[in-house]
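*Asks:* Pasting the sequence and the predicted model now:
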Amino acid sequence: MTDTTFTSLERVLTSLQQKEPDRVPFFLLVTMHGARELGMSIEEYYSKAEYMAEGQIRMRERYGHDCLYGFSYASAELEAFGGKTFFFEDGPPNGAAPIIFSADDIDKLEKPCVLDQPSLTRVLDAQTLMKERIGDEAPIIGVVMSPFSLPVMQMGFEKYMDLILGEPDVLERLLAINEAFCIEWANAQLAAGATAICFFDPISSSTIISPQQYRATGFKSAQRTIAKINGPTATHFASGRCLPVINDLVETKTAMIAASVDEDLGDVKGAANGRLTVFGNLNGIEMRRWTPDQTETIVKDAIAKAARGGGFILSDNHGEIPWQVPESVLDAVSQAVHKWGRYPLDWIGN
Amino acid sequence: MQNFENLSLEFENALLAVDRSAARDVLLKGQKDFSVAQLAEHVISKAFERIGKAWDDGDIALSQVYVSGRIAEEVVGEISPPSEKLYVDQPIIALALLDDYHMLGKRMVSTILQASGFVVLDFGRVEADELVARVKAENVQILLISTLMLRAALQVKKTCDLLKSASPHTKVIVGGAPFRFDPELWREVGADAMGYNAADAVHLITDMMEDLS
């Protein structure tokens, strides 16, 4: 499936400028599907940069979407801090036990050097290979966990919630280390070939903490961090709500925000008001059972709500399409975007 | 004579204001007219029903639900001995996190249930085989399973299938993000009910208690 008017990169950049390209850009944020494409286990797939790069290239060839996803798995960052990862045959690798159990552990914590970490250099190598293959045809999306959200893996969710709510000084010490790491990791990806960085920050979403708590914590950390990342960022709340803090997000200088399926895409687009490009919000969990007709209706509805005037990229709402989503559904998403996403979208009624 | 509704609203306001002292005062005031069991059922549980719904609706954040649970657990512990069963005929209830390290959801369910007067066995983080063995050994009648990842949610099917032969009378209630995002999933995995939020566990259990009785 090909589009000849714009390259994917031009299409995405045009939409980011709040203008209409030839069709609605779409990102299929498929990670593990590359393993299936190459006929290997998920663990083996993530063991070599060549596999990840080849998987991304093949999936873009198949679905005709507008990016390569230079992401392995979230706990690659936990590994950099000394943690471990569990691999599964049928799901994303998951962080094993936390590495921080007390304030003392935070005092002793050291920022890992990105280039010394095999779990991270494999991703950098994969991005370099992707860049060599794709050139300027399509953007390569790198990924970091935000300094404010990484501690969920470092400490466990419950202990981290207690830290956010009760120990602001200790939290600041941890954030300082994580911010330095995040900046180094993001900039290494941009140097390796990534075009932009997806800044995963689910804990900052209004689903998890209140807007007031966000402004006192995650917001400031995001501002400090994004200011030092040498490229555009897209903030992703991984299914969490963004509407209550959308004006704050603009102030973090991020370029894009992912909308939750819990929010109306049109409302998010309206609130972004040209200041942020919106991406989302296909329900990745429910997607595994969609029929082709259902898929077409849902894609069409998303386009109708948010695509006019540009400033919109269709995507799933979580930032990673589950392993259980069949290729037939991804084919149906692609076909629906190519069918209904051609600008000027005259089919949309007033 | 005070009424339950006013007390419950006062209690809810105190929790959301993170005012531990006010929350305790509401319960102490309520104790003048009602037993702790009555307060648990009509004041605390109802407050959490509204708090849970507010989270579902996007009006409050998970952190506020979490803190509310912690405060309620503490103040209830102060006015009632922690081991006291407020529901005399309560079935054996257990709670587990399936195949994951993210304990927050399980913790929230646990605090809200305990604050609402239930005694709950906490099986911690377990995998399906171990969970079924413990359910059988403890003769659990209502099992609550918390999940965060889709993969773990799908593992509930294995648990339910194993329970059919190992402990067929056990009812299973599931909760967590995958079930919220796919409202059909709980039926697919063979659960008996699904909670959209931690507080839903209270009314789901009370409904099941009526069925069991």
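*Replies:* In hand now; what should we look at? Remember, predicted model here, so these are calculated numbers, not experimental data. Numbering: from 1, shown residues only, chains lettered A, B, ... in the order given.

*Asks:* Once you drop chain neighbours, what's closest to the residue in the stretch 101-250 of chain A positioned nearest to chain B?
*Replies:* Closest contact between the stretch 101-250 of chain A and chain B, by C-beta to the nearest C-beta, is at residue A:157 (3.7 Å). Just so you know, the C-beta spots here come from the backbone N, C-alpha and C atoms, and that holds for glycine as well. Leaving aside its sequence neighbours, residue A:157 sits nearest to residue B:104 (C-beta to C-beta, 6 or more residues apart in numbering or on different chains; 3.7 Å).

*Asks:* What's the per-residue pLDDT of that neighbour here?
*Replies:* We have a pLDDT of 86 for residue B:104.

*Asks:* pLDDT-wise, which helix or strand of chain B ranks last?
*Replies:* Here the helix or strand of chain B ranked lowest by mean pLDDT, DSSP states H and E is helix B:36-39, holding a mean of 86.

*Asks:* follow-up on the earlier one: name all residues that make contact with the residue of the stretch 101-250 of chain A closest to chain B.
*Replies:* Residues in contact with residue A:157 (C-beta atoms under 8 Å, 6 or more residues apart in numbering or on different chains) are B:102-105.

*Asks:* Now a ChimeraX select for only the buried ones of those residues.
*Replies:* The ChimeraX command for the buried members of those (criterion: 16 or more other C-beta atoms under 10 Å in any protein chain shown) is given here:
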select /B:102,103,104,105
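
*Asks:* between the contacts of residue A:157, which is closest to chain A?
*Replies:* Nearest to chain A among the contacts of residue A:157: residue B:104, at 3.7 Å, using C-beta to the nearest C-beta.

*Asks:* Quick check: the closest one vs residue B:110, distance?
*Replies:* Between residue B:104 and residue B:110 the distance is 11 Å, computed by C-beta to C-beta, to the nearest Å.

*Asks:* just residue B:57 next, same as before
*Replies:* Remark: distance between residue B:57 and residue B:110 (C-beta to C-beta) = 23 Å.

*Asks:* Comparing these two, which residue is more hemmed in?
*Replies:* The neighbour comparison of residue B:57 against residue B:110 (other C-beta atoms under 10 Å in any protein chain shown) goes to residue B:110, with 22 against 9.

*Asks:* in the strand or helix carrying the more buried one, what counts as buried?
*Replies:* For residue B:110, the enclosing helix or strand under DSSP states H and E is helix B:104-115. Neighbour counts over helix B:104-115 (16+ other C-beta under 10 Å) mark B:104-115 as buried.

*Asks:* after it comes which helix or strand?
*Replies:* Downstream of helix B:104-115, the first helix or strand assigned by DSSP H and E is strand B:120-126.

*Asks:* Let me see the mean pLDDT of whichever helix or strand comes after that next one.
*Replies:* Next in sequence after strand B:120-126, counting helices and strands by DSSP H and E, comes helix B:128-138. Across helix B:128-138, pLDDT averages out at 95.

*Asks:* What parts of chain A come near chain B?
*Replies:* A:88, A:90-92, A:94-98, A:152, A:156-158, A:161, A:164-165, A:206-210, A:213, A:239, A:241, A:243-244, A:261-263, A:283-286, A:288-289, A:322-324 (C-beta under 8 Å from any C-beta of the partner chain).
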